[in-house]
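Chemist: Give me the fold of what follows.
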Amino acid sequence: MTFDANRPVAVVTGASSGIGRSTARKLVEHGWQVIGVGRDPRRCAEAEAEISASPGGGAFRVLRGDFTLMAEVKRVADAIGGWTPRLDVLVNNAGGVRDRQIVTAEGTEATFAANHLAPFLLTRELLPLLRTGAASPPPGPARVIAVSSSAHRISKGLRWDDLQSLGRFQTAAAYGQAKLANILFTRELARRAAPDGIVAQAMHPGVVATNFASHGDPVMRAHMAAADTVSPDEPAETLVWLATEPEGGRDGGRYFHRKAEEAPSELARDDAAAARLWSESEKLLAELGF
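Modeler: Here you go, the predicted structure:
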């Protein structure tokens, strides 16, 4: 795949299955050049074969990476920069929930690492490409879209003394904190990046029929099994709408569900917490050497 510098480019993480795969396919059908990121080799190969054959004139290529590890995130970001000089849309979709505390080889907690630190680092590393995309035709802002969750509402606020839940871990609480972090990161990114023509938005996908909770605890798996689920195509429609339509390109820092703006929790609208989270995230990454 050779990238055309005059055509829009999107990166979709978690593109080997579920919401990310559907989103990548729909963008390719819109004629976009799409770089997908996935973890599982078999699913990555299947997604590349399927999406590359989609109609619409777009193109698709997959990078593999384990986003619980920041070294992998940095490698993926570097590879993207080697493939394309511009980026118009970044969809931070990859994430997940774990049934227990898992400490990675880098010393981070896997739920927080995959759901917050990875998209934070990837976005930071890709900001130069996003700035180029914002300044390139077709006219319009570059966009960063976070897949958060209504689970952010269960959080009682970020635990500044234990952001990664390394001291005390409970599956739902750790996941809720990470999803709250997604929205707070989006708010601060929207504030910081607006002068560069970059708009950041967050969204809730709903309860989706995917393998998302396969690594969750019994309570999470039971919840997913009992819930009224939707196809991955439904949240993918909202993601593509945010990526391509005018509404997603104005007034950054908002939260959407089913193509409609919603108010997130009061804690998710705390701009002081959003600014502090950015600083704390930078400190954590600096300690890891990034």
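
Chemist: going forward, measure contacts between C-alpha atoms and count neighbours the same way
Modeler: Noted.

Chemist: In contact with Ala94, which residues?
Modeler: 13-15, 20, 67, 114-115 (CA atoms under 8 Å, 6 or more residues apart in numbering).

Chemist: Ala142: which of the residues you listed is nearest?
Modeler: Thr13 (16.6 Å; CA to CA).

Chemist: The closest one: how many residues sit nearby?
Modeler: Counted by other CA atoms under 10 Å, the residues lying close to Thr13 total 30.

Chemist: my guess is it meets Cys44, correct?
Modeler: No: with contact defined as CA atoms under 8 Å, Thr13 does not reach Cys44; the gap is 11.3 Å.

Chemist: Tell me how far Gly289 lies from His204.
Modeler: 32 Å (CA to CA, to the nearest Å).

Chemist: Hmm, I typed the wrong one, I wanted Met70.
Modeler: Here Met70 is placed at a distance of 25 Å from His204 (CA to CA).

Chemist: To what extent is Arg61 buried, counted in neighbours?
Modeler: Count around Arg61 with other CA under 10 Å applied: 20.

Chemist: correction: Asp162
Modeler: As a burial measure, Asp162 scores 11 neighbours (other CA under 10 Å).

Chemist: before we move on, back to that, restricted to helices, list the contacts of Ala94.
Modeler: Counting by DSSP state H, these place Gly20 in helices.

Chemist: Kindly indicate which of the contacts of Ala94 lies nearest Asn6.
Modeler: Nearest member of these to Asn6, counting by CA to CA, is Thr13, at 22.6 Å.

Chemist: Not counting its own residues, what contacts stretch 19-32?
Modeler: 7-10, 12-15, 33-34, 36, 47, 51, 54-60, 93-94, 210, 232-233, 235-237, 239-240.

Chemist: swap in stretch 34-43?
Modeler: With contact meaning CA under 8 Å, 6+ apart, stretch 34-43 is reached by 9-17, 24, 27-28, 44, 58-67, 80.

Chemist: for the stretch 1-150 of the chain, what spans make up the helices?
Modeler: 18-29, 41-52, 70-83, 110-112, 118-134 (DSSP state H, counting those that start in this stretch).

Chemist: Export the ones you listed to JSON lines and append columns for distance to Arg276 and mean neighbour count.
Modeler: Output for these, formatted as JSON lines (distance: least, CA to CA, whole Å; neighbours: other CA atoms under 10 Å):
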{"stretch": "helix 18-29", "distance to Arg276": "29", "mean neighbour count": "26"}
{"stretch": "helix 41-52", "distance to Arg276": "36", "mean neighbour count": "17"}
{"stretch": "helix 70-83", "distance to Arg276": "21", "mean neighbour count": "17"}
{"stretch": "helix 110-112", "distance to Arg276": "16", "mean neighbour count": "27"}
{"stretch": "helix 118-134", "distance to Arg276": "14", "mean neighbour count": "21"}
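
Chemist: okay if I get the ones you listed as a markdown table plus mean pLDDT?
Modeler: Compiled in a markdown table, these are given as follows (pLDDT from 0 to 100):
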| stretch | mean pLDDT |
| --- | --- |
| helix 18-29 | 97 |
| helix 41-52 | 96 |
| helix 70-83 | 97 |
| helix 110-112 | 96 |
| helix 118-134 | 98 |
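
Chemist: Tell me which of those lies nearest to Ser149.
Modeler: Ser149 sits nearest to helix 18-29 of all these, at 13.0 Å, using CA to CA.

Chemist: on that earlier part again, of Gly289 and His204, which one has the most company?
Modeler: His204 (22 against 9).

Chemist: Could you check how many residues crowd around the nearest residue to the more buried one once chain neighbours are set aside?
Modeler: Leaving aside its chain neighbours, His204 sits nearest to Ser149 (4.5 Å; criterion: CA to CA, 6 or more residues apart in numbering). Ser149 has 23 neighbouring residues, counting by other CA under 10 Å.

Chemist: Pretty sure Ser149 sits against Lys179.
Modeler: Yes: using CA under 8 Å, Ser149 is in contact with Lys179, at 5.9 Å.
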